[in-house]
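Asks: Everything below, folded, please.
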Amino acid sequence: MPEGDTVFRTAAILREALVGKTLTRCDVRVPQYATVDLTGQTVDEVLSRGKHLFIRVGAASIHSHLKMDGSWRVAARGTPVGRAYKIRIILETNDIQALGIDLGVLDILDRAHDVDVVAHLGPDLLGPDWDAARAAANLVADPDRPIAAALLDQRVMAGVGNVYCNELCFVFGRLPTSAVSTLTDPRRVVTRARDMLWVNRSRINRTTTGNRRTGAELWVYGRGGKPCRRCGTPIARADGVDSERITYWCPSCQR
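Replies: Alright, predicted model coming up:
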């Protein structure tokens, strides 16, 4: 599931593949921007901000958000493409093709003002603006709010998605529905969130347990019905209101 670490890693891959190169093809498959053609222009910069990604080309900025299922794929130019109907944008250079697939958001923005779309975000867990004190203050701003809702709010801190939300609740022994006021050390929570994303920023398969063996990487996420790694109690799960964010917790370890 794409979260802040996924986007950070994606930006690094696109940066290495595209920056400094001239586009030989730009095919935007979103009706609103179908006439945009950046062919002949040079890719200057690729950066991430929380779960948002920007590819800056000349006076334009290609802004994308992966949402639940999106991805960017880089390969040698001419590599066969499967499920072409899911491709939202194709960028090519003399030797590389970058495909934006099933992107939840794709905009072509004025580069001079592209960061306006992320101005509402809290400190970026993997960015130069990271500020643990500000993130902790944002987290406790509404003490009655459920912890999960606060962690998933990108205005609190940018980068936490459903996987890390569930894992953080487990690590700190709180039910996702518990109020933020039950957290005894909010700064420790946001610092642990940052540590989790930081150690996974270059990995394809993330781990929060510290164990990278297949099937042992996570504490509770995706483990509904399986025994808790600490106490053996079956992990509980519940579907979210939007049917996409599923909550996992240990009924014994989380209170």
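Asks: Pull the contacting residues for the nearest residue to T24 once chain neighbours are set aside.
Replies: Excluding the flanking residues, the one nearest T24 by CB to CB, 6 or more residues apart in numbering is E92, at 5.2 Å. No exception for glycine: its C-beta is placed from N, CA and C like everyone else's. By CB atoms under 8 Å, 6 or more residues apart in numbering, the contact list for E92 reads 23-26, 77, 98.
Asks: Same check on G173?
Replies: By CB under 8 Å, 6+ apart, the contact set of G173 is 253-255.
Asks: Reformat those residues as CSV; add secondary structure.
Replies: Putting the contacts of G173 into CSV (DSSP: H, G, I helix; E, B strand; the rest coil) gives the following:
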residue, secondary structure
C253, coil
Q254, coil
R255, coil
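Asks: Make a ChimeraX selection of the buried ones in the residues you listed.
Replies: In ChimeraX, this line selects whichever of the contacts of G173 come out buried by 16 or more other CB atoms under 10 Å:
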select :253,254
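Asks: Which pLDDT value belongs to the closest residue to G159 other than its chain neighbours?
Replies: Nearest residue to G159 in three dimensions, chain neighbours excluded: G4, at 2.4 Å (CB to CB, 6+ apart). In this model, G4 is scored at 96, pLDDT.
Asks: Go ahead and confirm G4 touches A158.
Replies: Yes. Assessed by CB atoms under 8 Å, G4 is found in contact with A158 at 6.6 Å.
Asks: These two: who's more crowded?
Replies: Using other CB atoms under 10 Å as the criterion, G4 and A158 rank with G4 on top: 30 against 26.
Asks: Which phi and psi values does R134 adopt?
Replies: Note on R134: its backbone torsions stand at phi -70, psi -40 [degrees, to the nearest 10].
Asks: Then the one 5 residues further on?
Replies: Note on L139: backbone dihedrals following degrees, to the nearest 10 are phi -60, psi -40.
Asks: what do you get for Q32?
Replies: The phi/psi pair for Q32 (degrees, to the nearest 10) reads phi -60, psi -30.
Asks: Tell me how far it lies from M68.
Replies: From Q32 across to M68, the span is 21 Å (CB to CB, to the nearest Å).
Asks: Going along the chain, name the helices of this protein.
Replies: Ranges of helices in the chain, per DSSP state H, are 4-18, 132-139, 147-152, 162-171, 186-200.
Asks: most tightly surrounded among these?
Replies: Among the helices of the chain, helix 162-171 has the highest mean neighbour count (mean count of other CB atoms under 10 Å), at a mean of 24.
Asks: Give me the neighbour count for the nearest residue to R194 once chain neighbours are set aside.
Replies: Leaving aside its sequence neighbours, R194 sits nearest to L125 (CB to CB, 6+ apart; 4.9 Å). Neighbour count of L125, defined by other CB under 10 Å: 27.
Asks: show me what contacts L125?
Replies: L125 makes contacts with 4, 50, 157-160, 193-194, 197-198, as judged by CB under 8 Å, 6+ apart.
Asks: If we use 10 Å, what do you get?
Replies: 3-5, 8, 50, 132, 135, 157-160, 164, 190, 193-198, 201 (CB atoms under 10 Å, 6 or more residues apart in numbering).
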